[in-house]
Structure formats: C-alpha cells, structure tokens
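Student: Sequence first, predicted model second:
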There are 2 protein chains.
Amino acid sequence: MSKTEKMLYQASEFAKLTGVTVRALHHYDRLGLLKPSGRTGAGYRLYGARDVARLQQIVTLKFIGLSLKQIRAVLDRESFDLSTALRLQREILGEKRRRLEMAIGAIEKAERVMTSSGEPDWKAFVKIIEVINMQNEWDWVKKYYTEEQLQELSQRATPELLEQAQHDWAVLLKEVNAAISEGIDPSSERAQGLAARWSALVESFTGGNPGIAQSLSNLYTDQANWPAHAQKPFSDDAMTFINKARAASAK
Amino acid sequence: MSKTEKMLYQASEFAKLTGVTVRALHHYDRLGLLKPSGRTGAGYRLYGARDVARLQQIVTLKFIGLSLKQIRAVLDRESFDLSTALRLQREILGEKRRRLEMAIGAIEKAERVMTSSGEPDWKAFVKIIEVINMQNEWDWVKKYYTEEQLQELSQRATPELLEQAQHDWAVLLKEVNAAISEGIDPSSERAQGLAARWSALVESFTGGNPGIAQSLSNLYTDQANWPAHAQKPFSDDAMTFINKARAASAK
DNA sequence: TCTTGACCCTGACGTTGCGTCAGGCCGTAG
DNA sequence: CTACGGCCTGACGCAACGTCAGGGTCAAGA
C-alpha cells in the first residue's frame, strides 16, 4: 500500500527539484519522453523517484546537444546505444566548434580592418568570408592529394593564375555548351579545337605532373563522396562531348 | 534606356550565382530584406548588380551568425551600426564556443568512464554534467572573492564537507520555515536556537575569515546582478526571521 | 459556506529560416 | 498546338518549448 506513495511530487515541485520548467514537463509528456508515474483523480501529474532518474538522463543528454527524438531513441534503446550516440555527437559538436571558430576569426579580422580603416569596409568583409569558405573547399579537396602534390600546387597556383584559369574555364565551357546545343560533330575541327583547349587547361593545372593528374581524376571519379554543397564545375554532357572528340581524334 | 538593363538575372540564375536557393530569395523578399530591383510583366523577379552586393552582405552577416532580423537592422542602419553588432556577436559566439567545449569535454569524460567500466554508467554520466554545471556556478561566484580567498576556500571545502553542509542547510531551512508558518516569536528560545545554528553554518563556510564573510555578504547583497538561472538558497522570509531573532538576542 | 489565491490542465498560436509540395501562369522549342 | 522547364503565390512542416487563454481543483480564511 505504501509502496505506491513512496515520494510523489506535483508538477511545479518536480520542476523546481530537477531544474526544468513545468511547460517542458508537459512537452516531454506529450512526446512520450517522460510520462509521469501517476495522476491524481483531478488529472494532476504525479512524478516519482523513477521519473527523477529518467529526467536526469534526459537533461544530461540534452546538455551534450542531442535532440529530444534522439534522446528517446537512446533511452528506449531503439537501435541506438549510448556509446555510438556519444561518438557521433562528439564529432558533430567538433564540427560545430570548427565553424564557430571560423566565424569568430572572421569577425576579428573584420574588426581589425574596420579599426584601421575607420569605415565599414564591406568589400573587405565579404572577401574575408569568401576566403574562409574557399579554404573549406580546399580542406576537403586536400584529401585526394599527397603532401608533396599539395606543396607543388601551392607553389604554382598564385591567386592571379587561379582567377585567370577560372575565367578561361568559363569561356571554354560556354563555347562547348554552345557547340553541343548546335549539334556539332565531335569529330569536326571545331570540336577538336575545343578538346585541345580543354586538355591545355587541365595541363596548366596539373603542370604535367602525372601524379597530380591522377589525383585530379580520382577526385572527379569519386563524386559520390563529395560534400553536399559541392557542384561539378562542368556538366556531364560537356565531359562526354570532349571525350568523344578525343576518341575521334585518336582514330 | 540601356541603363536599366545593365545586367538582370532571373531568380534561378541569381541563386546559382550567389550560392543561395531560390526559396531563400523568396523568403528574403517577403521579409523585405532583399527586394529584387525589378519584375517582368509576368511578375518574374529580376535581380541586378546592386542586389548582388546586398545579398553578399546578407550572406556574410549570416555567416557570422546574425539573425535575419538583425541583418536587416544593420543593413538599414536602424539603430545598429556594424562595429557594435560585430562586437556583440563576437561575445555571443565566444559564449557558445565555451558551452560547446564543455559539452565536448563531458562526452569525452563519459566515454572514458564507459570504456574503462564497459557499461553505460548513467550515474557517473549525470554526475559529470552536474559537476560541470557546478563549476559554472562557481565561475560567476568567483568574481566576488579575491584570489587568496578562493585559495583558502578550496583548501577547506572538500566534496564531503560540501555535501554535509548542503544537508545541514536543508534541514535547518525546513525547521526555520516550519517555525515561521507556526508563527514562532523570533525572540523565543527556539528561534534563538535556529539563529545560532544558522550562524554556525555560515561560520563553517567562512572559516572565521572576516574577508570571506564580507565577500559572502556582498554576493548576497548584489542579487540584482545574479545570472538568471541562479536562485536564492533560502527565502527572504527566512532571512528576515533570523535577523529578527538576532536582533532580539542582542537586546 | 462562500470566496480567494495558488496550482493544475488542455489547447493553440508564436518563434527561426527556410524545405517542400500543390495549383497554376509564362515562354519557347518541336 | 502541345509539351516541358521556369516562375509565382500560398501554405504546411520542423524543434523545443514560451506564453497566453479559458477553465477545473484544493486548502484556508471570513
């Protein structure tokens, strides 16, 4: 008889005791994350010792940034064990911290620019963010190259050259796409010319280094593993066209 | 005549060009954050060079974590200048980073406990988070004490003693509140006893060090500056009652 | 016994930044 | 003339509660 009334708290007491709000308790109740052990005749929620333990676990998992859905999965052992969840979460938080640090770094740089120049220099500010994002792109591209290859690339690729190359690619791609939509024959002279310019541009990037050429090829082949925001610099159609042109010239 | 058609992009072109989604453009449009420079007869949005610049600013401010509302305030110079916003945002991000680091630290500790013990030790995990939160409390309490005072406190306050003290306070407060609701006279012997125990507990914390006693007093007096989540360990009523009892005994 | 307060309950809307349909008009190539 | 790709305007959805609003419950004082 006295078992069931061990120690029952009403909503607000329980809330104060555990440091969450009454509204949050309602929320967890509706989500099925924490149902009170009992109810009074009038429908008042009654929480017991078991609920304290469970809520502490909830709060703990919330502290490390799990969503309520994930928390439920972990606590109900639905396909998620704690150690796996912890490892995943650690990685996610690490990534978040990286981004935070980049943002803080950007702010600090912008502040230095502003205090030295006095005026809110939007161009510089925008540039700072752009550079940081570029670095991010490079960070994941890096894993396709060896140390030495990166070394070599960084020596050759000055900002001006990169800009020039970017421009050349844009022009060439436009012409290639025009040729495709005009239905030009890949074996025609015009197509051969485009293919030659294409090869020259690739060559200017690889610098004739076959290792770099191979890495570049790997990078493209591995499209399935590209990050979500990455986009191909040119369409598959363009690539196909160029390949046909090369095949035609080889005959 | 050619002025107005300098270079106009349709929604999806503009989106690709600037790296945001068309839907985001619609959103910014509705919020009044970025209205397209023009529309075609059919109602199609048309973006120009001015819009590119503005959108870049928006993206930049988003990168450092400003909300769209804040961005609008900054860009429209409604009461917010850029440097102020940057400073504030830097502080906010710093705070976020602190919390992220605590969460990461907690996960790492929990993982170490789990790999050494093998089992998901919830008690230990919950304890880890509790300790971190306690440290947070102490962090802001710290500013009321000098270096030496903190030194002395840390030497005397072992975890067991703290737990004992916490318990003693809980018991005493319960008795004091009972006495208040019973309407006990503050000059009565019972009230005197309570006041004496109160003083003893305070004494056990200050260790007879008048500097620490003063700092403690300052800490309490400065309630207006306590962080939002901090709560008084006892009610004003209890304090008032004890003060009356002390006053009565002084006569 | 009636009346306060102090609590409790259940909806239901608001917040933030878009993603994701759904239903329907526009414009161009075949 | 039709089909297909773009564009448009709603409108709902998500996460985790905060914040009313409207309305019972319960113990204590008049």
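Tutor: Received, thanks.

Student: just the strands in the stretch 1-150 of chain A please.
Tutor: Applying DSSP state E, counting those that start in this stretch to the stretch 1-150 of chain A gives strands spanning A:9-10, A:38-39, A:45-47.

Student: Point out the most buried one among those.
Tutor: Highest mean neighbour count of the strands of the stretch 1-150 of chain A: strand A:45-47, a mean of 21 (counted as mean count of other CB atoms under 10 Å in any protein chain shown). Heads up, the C-betas are built off the backbone N, CA and C, glycines and all.

Student: and the closest residue in space to A:Glu152 that isn't next to it in sequence, how far is that from A:Tyr145?
Tutor: Distances taken as CB to CB, 6 or more residues apart in numbering or on different chains place A:Asn209 nearest to A:Glu152, at 6.5 Å, with adjacent residues excluded. Here A:Asn209 is placed at a distance of 10 Å from A:Tyr145 (CB to CB, to the nearest Å).

Student: Same check on A:Glu111?
Tutor: Counting by CB to CB - A:Glu111 and A:Tyr145 are separated by 34 Å.

Student: Please say which of these two ends up with more neighbours.
Tutor: A:Tyr145 (19 against 16; other CB atoms under 10 Å in any protein chain shown).

Student: okay but the more buried one is in contact with A:Gln151, surely?
Tutor: No: using CB atoms under 8 Å, A:Tyr145 is not in contact with A:Gln151, being 9.4 Å away.

Student: which residues touch A:Leu100?
Tutor: By CB atoms under 8 Å, 6 or more residues apart in numbering or on different chains, the contact list for A:Leu100 reads B:Leu93, B:Lys96, B:Arg97, B:Leu100.

Student: What sits closest to the second one if chain neighbours are left out?
Tutor: Okay, so that is B:Lys96. A:Leu100 (6.0 Å).

Student: what's around the closest residue to A:Ala85 other than its chain neighbours, how many residues?
Tutor: Leaving aside its chain neighbours, A:Ala85 sits nearest to A:Val74 (5.1 Å; criterion: CB to CB, 6+ apart). Neighbour count of A:Val74, defined by other CB under 10 Å: 21.

Student: can you check A:Asp237 too?
Tutor: The number of residues near A:Asp237, taken as other CB under 10 Å, comes to 12.

Student: What residues does the stretch 1-150 of chain A have near DNA strand D?
Tutor: A:Thr21, A:Arg23, A:Ala24, A:His27, A:Thr40, A:Gly41, A:Ala42, A:Lys62, A:Ser67, A:Leu68, A:Lys69 (CB under 7 Å from any atom of the strand).

Student: Isn't the first one up against A:Ala15?
Tutor: Looking back up the chat, that one is A:Thr21. Yes: A:Thr21 is within contact range of A:Ala15, at 5.9 Å (criterion: CB under 8 Å).

Student: Name the residue in those two with the higher neighbour count.
Tutor: Taking neighbours as other CB under 10 Å, A:Thr21 and A:Ala15 compare with A:Ala15 leading, 18 against 12.

Student: Roughly how far does that one sit from A:Leu34?
Tutor: Distance from A:Ala15 to A:Leu34, counting by CB to CB: 12 Å.

Student: Mutual contacts of these two, please.
Tutor: A:Leu25.

Student: ranges for the helices of chain A?
Tutor: Under the criterion DSSP state H, chain A contains helices at A:11-18, A:22-31, A:49-63, A:68-75, A:82-117, A:122-142, A:147-156, A:159-182, A:189-206, A:210-221, A:236-250.

Student: Now mean pLDDT too, for those helices, in TSV please.
Tutor: Listed next are these as TSV, based on pLDDT from 0 to 100:
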stretch	mean pLDDT
helix A:11-18	94
helix A:22-31	97
helix A:49-63	95
helix A:68-75	94
helix A:82-117	92
helix A:122-142	79
helix A:147-156	82
helix A:159-182	78
helix A:189-206	89
helix A:210-221	83
helix A:236-250	81
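
Student: which stretch among these comes nearest B:Lys174?
Tutor: With distances scored as CB to CB, the stretch of the helices of chain A nearest to B:Lys174 is helix A:11-18 (14.1 Å).

Student: Output the contacting helices and strands for the closest one.
Tutor: Counting by 3 or more CB pairs under 8 Å, 6 or more residues apart in numbering or on different chains; DSSP states H and E, the packing neighbours recorded for helix A:11-18 are helix A:22-31, strand A:45-47, helix A:49-63.
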